[in-house]
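*Asks:* Let me see the structure of the following:
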Amino acid sequence: MTVKEALNDLNNAVLDLQSSDLTTYVRPLKNMARILVSDELKSITGKLRDRVNFDAFVAAANPGGSMAGSASLNWPEEKEQELGLSIVVIERGAEDSNWFISFAYDYYYDRKPINCIHNLVRSLIVPFNRDFSTYVERQKVNLPRPQAKPTDWHRVFIAHGHDDGPREKVARFVEKIGLEPVILDEQANRGMTISEKFETHSDVGYAIVLLTPDDTGRGKSESQPRD
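*Replies:* Numbering: from 1, shown residues only. Modelled structure (predicted):
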């Protein structure tokens, strides 16, 4: 998964949370917490979390008066601290749904518990999702790059067109000389896109590209060139 895909999954979880009810809000909240500690985001998430003391933040909140809904949080002006505190809210809520409802009731009050949650989502999580995505995009240069797979010099990738005959002849020749032919169509999909399959099998030592007369920017049976 790429950073962009992780942020997209995070956004989808927020959308699910916005449309949730009391029986369904926990799942997207847990998804958010899981995505925030994924390999693609955990270094940034950890850095932001380490900048804050959440318990001290809550202790410094304005307790308000006797009227329900009068309590308020004193959010810091520094954006990184705000993001870090929001991350803790998400993670604690994912661990303990009762705590999440209680926190929403105290600081995002409404008579109906689900409305308390929706108020919290609208006021805290939606802005967090927007600002966190922006922050990550600005920090990309500092993200750890995934380690490249070691090259397997016994594997040969075969790129081919629609003519199966030459492909099979080359594949059998590769096998005869003791190497392993890699033909993308023959590899298990496992739910992967074409680009993900390419990446999965990118550790080959060699590649053979077959240029056969069956393709001219499109298959012979296709009326329009491919994009």
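*Asks:* Thr117: neighbouring residues, count only.
*Replies:* For residue 117 the amino acid is Ile, not Thr. For Ile117, the neighbour count with other Cβ atoms under 10 Å is 27. Backbone N, C-alpha and C define where each C-beta goes, glycine included.
*Asks:* is it true that it touches Ile101?
*Replies:* Yes: using Cβ atoms under 8 Å, Ile117 is in contact with Ile101, at 6.8 Å.
*Asks:* Helices of this structure, start to end?
*Replies:* With DSSP state H, the ranges of helices along the chain come out as 3-18, 26-36, 42-49, 54-59, 79-95, 97-107, 113-120, 126-139, 164-176, 194-200.
*Asks:* Mind pulling the model confidence for the nearest residue to Thr212 once chain neighbours are set aside?
*Replies:* Of all residues not flanking Thr212 in the chain, Asp163 sits nearest, at 4.4 Å (Cβ to Cβ, 6 or more residues apart in numbering). For Asp163, the model assigns a pLDDT of 81.
*Asks:* Okay, domains of the chain per the record?
*Replies:* Per the record, the chain has its domains at 3-142, 152-209, by automatic domain parsing.
*Asks:* for these, which one ends up most surrounded?
*Replies:* Mean neighbour count (mean count of other Cβ atoms under 10 Å) peaks for domain 3-142 among the domains of the chain, with a mean of 16.
*Asks:* So for that domain, mean pLDDT?
*Replies:* Average pLDDT, domain 3-142: 92.
*Asks:* Straight-line length of stretch 187-197, end to end?
*Replies:* 8 Å (Cα to Cα, to the nearest Å).
*Asks:* I'm done for today, thanks for sticking with me.
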